[in-house]
Every structure is written in C-alpha cells, then in structure tokens.
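Colleague: what shape does this take:
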Amino acid sequence: MNSKEFKLALENLSKEKGIDKEIIYDAMELALTSAYKKNYHSLSNVRVDINRETGEIKIFSYKTVVFSEKYEKEDGVLEKEIITDEDGNEKEVEKEFHFDDRIHITLEDARKQVPGIEIGETIEKEVTPKDFGRVAAATAKQVVVQKIREAEREIINNEFADKQDEMMSGTVAMEDVRNYYIDLGRTQGILPKSEIIPGETIKMGSSLKVYVTKVENNSKGPLILLSRKHYGFVKRLFELEIPEINEGIVLVYSVARDAGSRTKIAVYSENSNVDAVGACIGEGGSRINRIISELNGEKIDVVKYEVDSARFIENALSPARNLHVFVTDEKKKEALVVVDKENLSLAIGKKGMNVKLAARLTHFRIDVETIEQAREKGISIYED
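Modeller: Numbers count the residues shown, from 1 in each chain. Next up is the predicted model:
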C-alpha cells in the first residue's frame, strides 16, 4: 500500500466510523512506534510521523541533549527535578541520572550536528526501514482497532451522556429471560421486563418509545437502562403530544402513576385564558387518546393544579365528587377528606390506589372518612 492509498484508507475509515481523522492518525503513530520497536529490536527513543497531506510515514530516532563533557558524564550524577505532590504543591527533588548513549547525547556532540542546540532539546535522524510498511501493517492493526473502539465508545458516551430522564425511540432488537434490548442507533439500551407496562406485548423488530432511567459510562460503552413503567415516561409523552406543554404555555406540576392501571397528572397555566386540562384532553379526547393508546389503555386523570391545597386535593381525588377537604396541617402536609357513601369507593379506589395516587400527586398525606365517621369526631358536615 502506497502513501496515497494509506491516506485514502484512513479517511474512509474516519467517515465510516464517524471518528475524527486526528484520533486515527494518533492511534496509527502509536501503533507504528510499537511495531518498529518490536520488529527492529530498537532500544532507542523513536517517534513516528505520518504526513497528514501525503500519508507518507517516517520514523525518527531521537536523543535528548543532556550535559557538557566539561562537567560530568558519569553515572550517579544528581539532577534536580520539579514534581507535584498529592496536595498539588510543586517541590524540587534530586534524582540520580544515568547516561545512556542510546537515548542521550552530550551537548558537544549534539552541536557538531546542530549548531546552537541547547541542553534539554532533542536531536533526531530518520531511521525508516525500507520494508517497514510490510512488517508494521499486521502489528499495527490490533492497536489501531483498539484505539478506534475506544474512540467510538467515547463518541457514544458523549452522545448519550445527557439522555438520562429523557424519552427515546428505538427498535426491539433482542430479548432474553429478563430483558429486552432496544437498538438506539449507535448502541443498545436495556429494557427490563419488569419495566414494561403490565399487560403489553413487545414484538421483535417493532418501534418502541422508552424512558431513559440511567446512563452509566464504563469501559465497554454506556450502560443505558430503560423503562415504560416510570412516571417520567408519561410526563415525556405529554410533552411530545401536547404542543402547549412543549412550548411552556401549559406546565406540568406533578405526575403519579400506577403503571398499567391509572396515572394522575396535574397541569396548570400561568395564562388565565388557557384551559390547561382542556389542552391536554384535546377536541373529542383526540390528544389524550393517543397517549392512552401508547400506554396500552392505562386510565389517565388530568387534573388542574391549584395553589390552594384543599382545592388541589379535591381535584386530585377525581373521579370522586362532593368532597369536603380539611387541611389539618399545612406544614406536615396532612389533610382529611370527608365524603358521602356514594363517593367513598371512588375516592379510595380499587385497593386504595386512587387516594394513594392523589397523595403522591399532591405530596399530602390524605385520610378519607365518611360523613358519619367525621361527625363522630365532632366535625360538622352540611350535606346539600
């Protein structure tokens, strides 16, 4: 492979993998350095230079200019070096220096080749073998592939770093006993079977919306955990389907969910002319029905958030009606709700789920009692 073919191959690799060309060039230079030292038993300092314009590869052996012969040229010379300690403080220490003519050159000898060169600088000469391209190719391949994988992992990690708590769309690629694996483009996410909506059927190859609950970077690439059961999934669906929420005209105060059964979402608008609940429902229920369909028929109560805690709790206990709400302790977030017998079961809900969701939605502890129970405690309720 000549220089032009080599350059073209690297550029094609860069485009195919979506990796910066400079990363690949750096990886190649590192790989070729290792290949040279291994195949030519080099004990000297070497550097590989790949011309970015032509693709030509050259290898240089270099030596560091150390001291003048009129001082010291023996092992054991003490040198001073600046190091940084654990606390970040710089300090000067002495270390023992050993002269090695494979990597060192004296100032006098160096100036015979490069007049004016100073101690600490390097002097180099080209040592590229004629058959180096053939020998190096196989050795460099493994290192280059590894570097490319690392670069790809870095790109993927960066791409998904800010995706936690967001909704994404992917394709169901595989499954095992515990998980579904969702193709998200550059990588896969894990959707545990415990995190799907109860009762829904997931088909291989189907497109699926998922909520990202966790993104964790590791040496194999990002670990992306997904859910369709999380309450955040419902919130993101509303943002997707309701333009007014996406635009900030309607705001979501809170969401409480029993996945597969019922969700309660509290919304409001700072514009008094906007019907926040109506915007979410849509004409003829068109908007809310799309969300319900995505949630496999899960019931959704869209309620209006109120600054007044009692009114908010009353709204949250929908579909129950004729409620009498008493905020017994605003600081401790405690409330008593008195309800007639006809609405008692609606207020509490099946297995107590309606009142539990209302409590999560409002952040209040809610006790529900009948009118008779309240009267026994001395609370007077006047029925209409």
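Colleague: same for the lengthiest strand in the chain, what does it pack against?
Modeller: Longest strand in the chain by number of residues, with DSSP state E as the criterion: strand 207-218. Of the remaining helices and strands, those touching strand 207-218 by 3 or more C-beta pairs under 8 Å, 6 or more residues apart in numbering; DSSP states H and E are helix 132-160, strand 167-175, strand 188-192, strand 221-227, helix 231-241. In this view, the C-beta of every residue, glycine as well, is placed from N, C-alpha and C.
Colleague: contact partners for residue 359?
Modeller: 256, 365, 366 (C-beta atoms under 8 Å, 6 or more residues apart in numbering).
Colleague: please name the bridge partners of residue 267.
Modeller: Counting by DSSP bridges, residue 267 forms beta bridges with residue 252, residue 304.
Colleague: any idea how far it lies from residue 62?
Modeller: 68 Å (C-beta to C-beta, to the nearest Å).
Colleague: give me the low-pLDDT residue ranges for the stretch 1-150 of the chain?
Modeller: Residues of the stretch 1-150 of the chain meeting the criterion pLDDT under 70: 1-2, 68-83, 93-95, 135-140, 143.
Colleague: just to revisit the earlier point, between residue 267 and residue 62, which one's more packed in?
Modeller: residue 267 (22 against 16; other C-beta atoms under 10 Å).
Colleague: tell me if I'm right that that one and residue 280 touch.
Modeller: Yes. Applying C-beta atoms under 8 Å, one finds residue 267 in contact with residue 280, separated by 5.8 Å.
Colleague: list residues touching both of the two?
Modeller: With C-beta under 8 Å, 6+ apart, residue 267 and residue 280 have common neighbours 238, 245, 250, 302.
Colleague: what comes into contact with the helix or strand containing the second one?
Modeller: In this structure, residue 245 sits in helix 243-246 according to DSSP states H and E. Taking contacts as C-beta under 8 Å, 6+ apart, the residues outside helix 243-246 that touch it are 238, 239, 240, 250, 251, 252, 267, 269, 274, 276, 279, 280.
Colleague: now do the SS call for the residue nearest to residue 20 when sequence neighbours are not counted.
Modeller: Nearest non-adjacent residue to residue 20, counting by C-beta to C-beta, 6 or more residues apart in numbering: residue 14, 7.1 Å away. Using DSSP: H, G, I helix; E, B strand; the rest coil, the structure places residue 14 in helix.
Colleague: ok, now residue 320?
Modeller: Residue 320 ends up coil, using three-state DSSP.
Colleague: what number of residues lie near residue 303?
Modeller: By other C-beta under 10 Å, the residues close to residue 303 number 24.
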